[in-house]
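Q: I'll drop the sequence and a predicted model, then ask my questions.
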Amino acid sequence: MSLTIYRKAHFNAAHRLFREDWSNEKNLEVFGKCSNPNYHGHNYELEVGLTGSIDKETGYLIDLKILKDIIKSEVEDSFDHKNLNVEVPEFKNLNPTVENIAIVIWNKLRAKLDTKYAITIKLYETPRNFVVYTG
Ligand SMILES: Nc1nc2c(c(=O)[nH]1)N=C([C@H](O)[C@H](O)COP(=O)(O)OP(=O)(O)OP(=O)(O)O)CN2
Ligand SMILES: [Zn+2]
């Protein structure tokens with residue numbers, strides 16, 4: 001029997017959507033107000049799901065304290081109150097769209113979690129804009 005357990009997290013970050021190899025006009029045409037050189041911020045809401053089987057002895061799929069600590073060290077400490085374009089190395093050459101942020105988070109967590117867990121990342125950039133990534 002497999003089951004999915006979730007841990008929610010939150011971070012606040014600034015970003016700007018643009019490509020350096022495009023003109024300001026082209027960036028404005030494609031990314032609209034999100035390409036404004038004055039960075040803007042979002043309150044990102046994250047849901048991390050781990051799918052696996054329950055340990056018979058403990059009744060745990062994973063100790064949620066362990067998951068909480070990994071999300072804190074890999075996501076919150078790296079992204080919270082940061083300018084993603086400027087301060088987070090993963091986005092130096094990667095547009096910090098909600099899609100790309102979710103993929104970066106998945107990759108960071110994949111490196112820290114046992115491969116017996118399948119990982120689902122649900123990331124809300126705004127209350128109505130969100131992405132789900134499962135690798
Ligand atoms: N495919 C994507 N499209 C857009 C992204 C993205 O990451 N991937 N990001 C943005 C903006 O950064 C932002 O998410 C949009 O902000 P805003 O227009 O303020 O948000 P809402 O659409 O939710 O606001 P409403 O009140 O619903 O109009 C744009 N596109
Ligand atoms: Zn934005």
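A: Sure, I can see it. From a predicted model like this one, the values you see are computed outputs, not experimental measurements. Residues are numbered from 1 along each chain as shown. Ligands and ions are numbered 1, 2, ... in the order given.

Q: The helix or strand bottoming out on mean pLDDT in the chain and ligand 1 in contact?
A: Counting by mean pLDDT, DSSP states H and E, the chain has its least confident helix or strand at helix 24-31, which shows a mean of 95. No. Helix 24-31 is not in contact with ligand 1 by CB under 6 Å from any ligand atom; minimum separation 7.2 Å. For glycine as for every other residue, the C-beta is placed from the backbone atoms N, C-alpha and C.

Q: Could you list the buried residues of the very next helix or strand once past that helix?
A: Using DSSP states H and E, the helix or strand that follows helix 24-31 in sequence is strand 40-52. Of all the residues in strand 40-52, those buried under the rule 16 or more other CB atoms under 10 Å are His42, Tyr44, Glu45, Leu46, Val48, Gly49, Leu50, Gly52.

Q: So which of the residues you listed is the closest to ligand 1?
A: Distance to ligand 1, by CB to the nearest ligand atom, is smallest for His42 among the buried residues of strand 40-52, at 6.5 Å.

Q: Can I take it that Ile71 is in a helix?
A: Yes. Under the criterion used here (DSSP: H, G, I helix; E, B strand; the rest coil), Ile71 sits inside a helix.

Q: Wait, it touches Arg7, no?
A: Yes. With contact defined as CB atoms under 8 Å, Ile71 reaches Arg7; the gap is 6.1 Å.

Q: Can you tell me the element the nearest residue to Asp80 once chain neighbours are set aside falls in?
A: In space, and not counting its chain neighbours, Asp80 is closest to Phe11: 4.0 Å by CB to CB, 6 or more residues apart in numbering. According to DSSP H and E, Phe11 maps onto strand 3-15.

Q: Okay, now the sheet partners of that strand, with direction.
A: Using DSSP bridges, strand 3-15 pairs in its sheet with strand 40-52 (antiparallel), strand 82-83 (parallel).

Q: Provide the secondary structure category for the residue of the chain positioned farthest from its centre.
A: Relative to the C-alpha centroid of the chain, counting by CA atoms, centre = their mean, Glu57 is the outermost residue, at 32.2 Å. Under three-state DSSP, Glu57 falls in the coil class.
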